[in-house]
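Enquirer: Sequence first, then the predicted structure:
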Amino acid sequence: MTSKEFKHKARKFFREQLQLADYIDVNAASENIRNNIPFRGPTIYILFTAIVIASVGLNVNSIPVIIGAMLISPLMSPIIGFGMGLGTNDTKLLLRSLKNLGIMFTISLIASTLYFLVTPLETDNPTELLARTNPSIYDVMIAFFGGVAGILELSRKEKGTVISGVAIATALMPPLCTVGYGIAQHNWHYAGGALYLFFINCVFIALATYLAVKFLGFPLAVEQDKRSWRKIISYSLLILVVLAPSVFSAYNIVRENEFATEARHFIKENQNIGGTYIFNYSIDTSVKPYKLTLRLAGEKLSNDSRAFLYTEAEKHGIAHTQLFFHEDATIDVHRLSETEIMKDWLASTEEQMRLRDDSIRVLNAQIEAFEALRLPTKQITDELRAQWSEITDVTLARSETSVIVLLNTKKPLSREHLKHIQNWLTVRLQTPHVEVLVR
C-alpha cells in the first residue's frame with residue numbers, strides 16, 4: 001500500500017467514524033424539545049418533589065439523594081429550548097422557554113426556602129452546600145460540555161442514557177436549593193454564590209445548545225439578518241462578563257491548592273526539629289496572605305530551630321509572615337549541674353552558707369513545684385519497653401488539657417496495642433486525657 005492510499009483510507013475511516021448525518025434527526029429533536037418546554041400539570045409536582053428531595057440531600061449531606069433529585073428534575077428542558085430558540089431565530093420559542101424557566105425558578109426557590117425554614121435538622125458540616133457557593137471556570141466547562149452532550153443526545157435517532165448523566169453533571173437543582181438555604185438562614189454569601197452558579201449553568205447550557213443547533217443545521221424559523229448578528233455580539237459580551245468572576249474564583253482555588261500542597265511537603269520534611277515535633281497544623285485561606293499554623297509538642301522551639309523553619313518554609317513559597325507556631329504542648333527542659341552546686345557550697349563562708357540555705361530552701365520549693373509538673377519519662381519508657389519490645393524511645397509532654405506521648409517504634413503497632421497503651425498510661429499517669437502519637 002502506497003503512502004497516498006494509506007492517507008486516503010485513513011481520511012475515509014475517520015470521516016465514517018465522526019460523521020453525524022446518519023445518526024441525527026433534527027426535525028424530531030426540534031419537536032421533542034418544543035413538546036417538553038410547557039410547564040403545567042404533573043411537571044409542576046415533579047419539580048416540587050425534586051426540589052424537596054434535593055433540599056433534604058443537602059440538609060443531611062447525602063450525595064446519592066442529591067443525585068436522585070437531579071435525575072427527576074425537569075429544569076433542563078426550558079434552558080435547551082432557549083438555546084434552540086436563539087439558534088433558530090424563533091422568538092416565540094425563546095420567550096416561551098424564558099417564561100417557563102422563570103416559573104420553575106420561582107417554584108424551586110419557594111419550595112427550598114420553605115423547607116429550610118421548617119426543617120429541624122442542623123447542618124454541622126455542609127460540604128455539599130458549600131460546594132455550590134463558590135463557582136469557578138471549571139463549573140463553566142461542566143455546564144458547556146454537559147449542554148453539548150445534552151443537545152446531541154436529544155438530536156440522536158436512537159436515544160440512550162446520556163440525558164441522565166447530563167442532568168447529574170450540570171447540577172441545576174442543588175444551586176437553587178442552596179439559594180433557598182441562604183435566604184432561610186439570611187446568609188447572603190451562600191445565596192449569591194449559588195445563584196451565580198445556577199446562572200452560569202443556564203447561560204452555558206444554552207450557549208452549547210445554540211452552537212450545536214447551528215452546527216447540526218436545525219431549520220431556522222426566521223432568516224438571519226444584521227440585527228441577529230448584533231444580538232450575537234451582545235450575547236457574546238454578556239458571556240464574557242459572566243465568565244470573569246468564575247475565572248477569578250478558579251484562580252483562587254488553584255492558589256489555595258498550591259499553598260496547601262506546599263504546606264504538606266514542608267511539614268513532612270520538617271516533622272522533627274531537635275526535641276520538638278509537629279503533631280498537627282491548620283491552614284487559613286480566608287485571610288490574605290494565607291496563614292499556616294503549626295502545633296508543636298516536646299521541647300520548646302529554640303530561636304535557631306525557629307529560624308531554620310522560617311528558612312525551610314520560604315523554600316516552599318511560605319513567607320515569614322505566613323508561618324505561626326502553637327506551642328501549648330511543649331515544655332522547657334531544665335538541667336541542674338550538681339558539680340557546680342557543690343563547688344559553690346564548699347567555697348561559701350558561714351554567712352554565705354546561711355544565705356545558701358535560704359536559697360536552697362527556695363530552690364527546693366521550686367524543684368518540688370517542677371517535679372509535680374514533670375512527667376516520669378525514664379520510668380514510663382522502661383515500663384513500656386518491658387511490655388512492648390517494638391518501642392525504642394518515648395517522649396512525654398504536658399499540654400494545658402492533656403499529656404502527649406510520642407513513641408518511636410521498630411515496626412508499626414496495631415490499633416489494639418495503641419489503645420491498650422493509652423488506657424495503661426491513663427491509669428499510670430493518673431490523668432484522664434492521654435494522646436498517643438507514633439513517629
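Expert: Structure received.

Enquirer: use CA for all of it now, contacts and neighbours both
Expert: Will do.

Enquirer: isn't residue 409 right up against residue 390?
Expert: Yes - using C-alpha atoms under 8 Å, residue 409 makes contact with residue 390 at a distance of 5.3 Å.

Enquirer: Quickly list the domain ranges of the chain.
Expert: Here the domain assignment for the chain is 3-224, 338-373, 377-438, based on automatic domain parsing.

Enquirer: Present those as TSV; the columns should include distance to residue 279 and mean pLDDT.
Expert: TSV is the format used below for these (distance: least, C-alpha to C-alpha, whole Å; pLDDT from 0 to 100):
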stretch	distance to residue 279	mean pLDDT
domain 3-224	24	79
domain 338-373	21	62
domain 377-438	8	81
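
Enquirer: any idea which of those domains is most buried?
Expert: Highest mean neighbour count among these (mean count of other C-alpha atoms under 10 Å): domain 3-224, with a mean of 19.

Enquirer: May I have whatever helix or strand residue 386 lives in as CSV, with CA atoms only?
Expert: Using DSSP states H and E, the secondary-structure element containing residue 386 is helix 377-387. As requested, the backbone C-alpha atoms of helix 377-387 are provided in CSV (Å, rounded to 0.1, in the frame of the first residue of the first chain):
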residue,chain,number,x,y,z
THR,A,377,9.8,9.9,81.3
LYS,A,378,12.5,7.4,82.2
GLN,A,379,10.2,5.2,84.3
ILE,A,380,7.5,5.2,81.7
THR,A,381,10.0,4.4,78.9
ASP,A,382,11.4,1.4,80.9
GLU,A,383,7.9,0.1,81.7
LEU,A,384,6.6,0.5,78.2
ARG,A,385,9.7,-1.3,76.7
ALA,A,386,9.2,-4.1,79.2
GLN,A,387,5.7,-4.7,77.8
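
Enquirer: what packs against the helix or strand encompassing residue 192?
Expert: In this structure, residue 192 sits in helix 188-216 according to DSSP H and E. With contacts taken as 3 or more C-alpha pairs under 8 Å, 6 or more residues apart in numbering; DSSP states H and E, helix 188-216 sits against helix 76-87, helix 137-155, helix 173-184.

Enquirer: what packs against the longest one?
Expert: If contacts are counted by 3+ C-alpha pairs under 8 Å, 6+ apart, helix 137-155 sits against helix 26-36, helix 162-170, helix 188-216, helix 226-269.

Enquirer: related to what we said a few turns ago, tell me which helix or strand comes right after the helix holding residue 386, heading toward the C-terminus.
Expert: On the C-terminal side of helix 377-387, the closest following helix or strand by DSSP H and E is strand 391-398.

Enquirer: Would you list the strands that the helix or strand following that following strand pairs with, along with their directions?
Expert: Downstream of strand 391-398, the next assigned helix or strand under DSSP H and E is strand 403-409. Strand pairing for strand 403-409, using DSSP bridges, gives strand 391-398 (antiparallel), strand 434-438 (parallel).

Enquirer: a markdown table for the ones you listed, including distance to residue 322?
Expert: Converted to a markdown table, the strands paired with strand 403-409 look like this (distance: least, C-alpha to C-alpha, whole Å):
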| stretch | distance to residue 322 |
| --- | --- |
| strand 391-398 | 26 |
| strand 434-438 | 27 |
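
Enquirer: thinking again about what came up before, right, and the helices and strands packed on helix 188-216 - which one's nearest residue 214?
Expert: helix 76-87 (6.0 Å; C-alpha to C-alpha).

Enquirer: helix or strand right after that closest one?
Expert: In N-to-C order, the element after helix 76-87 by DSSP H and E is helix 91-118.

Enquirer: show me the contacts for residue 218.
Expert: Shown in contact with residue 218 (C-alpha atoms under 8 Å, 6 or more residues apart in numbering): 26-27, 30, 88.

Enquirer: Out of these, which comes closest to residue 95?
Expert: Residue 95 lies nearest to residue 88 out of those, by C-alpha to C-alpha, at 13.0 Å.

Enquirer: residue contacts, that closest one?
Expert: Contacts of residue 88 (C-alpha under 8 Å, 6+ apart): 213-214, 218-222.

Enquirer: Pick the one among those closest to residue 437.
Expert: Nearest to residue 437 among those, with distances taken as C-alpha to C-alpha, is residue 213, at 61.4 Å.

Enquirer: check contacts around the nearest residue in space to that closest one that is not next to it in sequence.
Expert: Leaving aside its chain neighbours, residue 213 sits nearest to residue 87 (5.9 Å; criterion: C-alpha to C-alpha, 6 or more residues apart in numbering). Contacts of residue 87 were listed using C-alpha under 8 Å, 6+ apart, and they are 209-211, 213-214, 220.

Enquirer: For those, which two are the farthest from each other?
Expert: By the measure C-alpha to C-alpha, 209 and 220 form the most distant pair in these, at 14.3 Å.

Enquirer: can you pull out the strands in the stretch 251-400 of the chain?
Expert: For the stretch 251-400 of the chain, the strands defined by DSSP state E, counting those that start in this stretch occupy 272-273, 276-284, 291-299, 323-331, 391-398.

Enquirer: Any idea how far the last one is from the middle of the chain?
Expert: Strand 391-398 has its C-alpha centroid displaced from the chain centroid by 35 Å (C-alpha atoms, centre = their mean, to the nearest Å).

Enquirer: Please write out the alpha-carbon positions of it in PDB.
Expert: Only the C-alpha atoms of strand 391-398 are listed here, as PDB (Å, rounded to 0.1, in the frame of the first residue of the first chain):
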ATOM      1  CA  ILE A 391       9.100   0.600  71.300                       C
ATOM      2  CA  THR A 392      12.600   2.100  71.200                       C
ATOM      3  CA  ASP A 393      12.100   5.600  72.700                       C
ATOM      4  CA  VAL A 394       9.400   7.600  74.500                       C
ATOM      5  CA  THR A 395       8.900  11.400  74.800                       C
ATOM      6  CA  LEU A 396       6.300  12.800  77.200                       C
ATOM      7  CA  ALA A 397       4.900  16.400  77.100                       C
ATOM      8  CA  ARG A 398       2.200  18.000  79.000                       C
END
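
Enquirer: Now do that strand against strand 276-284, angle only.
Expert: 60 degrees (axes from the mean of the first three to the mean of the last three C-alpha atoms, to 10 degrees).

Enquirer: For the stretch 201-350 of the chain, give me the ranges with low pLDDT.
Expert: Applying pLDDT under 70 to the stretch 201-350 of the chain flags residues 222-251, 253, 328-350.

Enquirer: Find the residue closest to residue 432 in space, skipping its chain neighbours.
Expert: Of all residues not flanking residue 432 in the chain, residue 426 sits nearest, at 5.7 Å (C-alpha to C-alpha, 6+ apart).

Enquirer: Wait, the one you found touches residue 433, no?
Expert: Yes - with contact defined as C-alpha under 8 Å, residue 426 counts as touching residue 433 (6.8 Å).

Enquirer: got JSON lines for the strands of the stretch 251-400 of the chain, with distance to residue 74 too?
Expert: As requested, the strands of the stretch 251-400 of the chain are exported to JSON lines (distance: least, C-alpha to C-alpha, whole Å):
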{"stretch": "strand 272-273", "distance to residue 74": "57"}
{"stretch": "strand 276-284", "distance to residue 74": "40"}
{"stretch": "strand 291-299", "distance to residue 74": "44"}
{"stretch": "strand 323-331", "distance to residue 74": "50"}
{"stretch": "strand 391-398", "distance to residue 74": "59"}
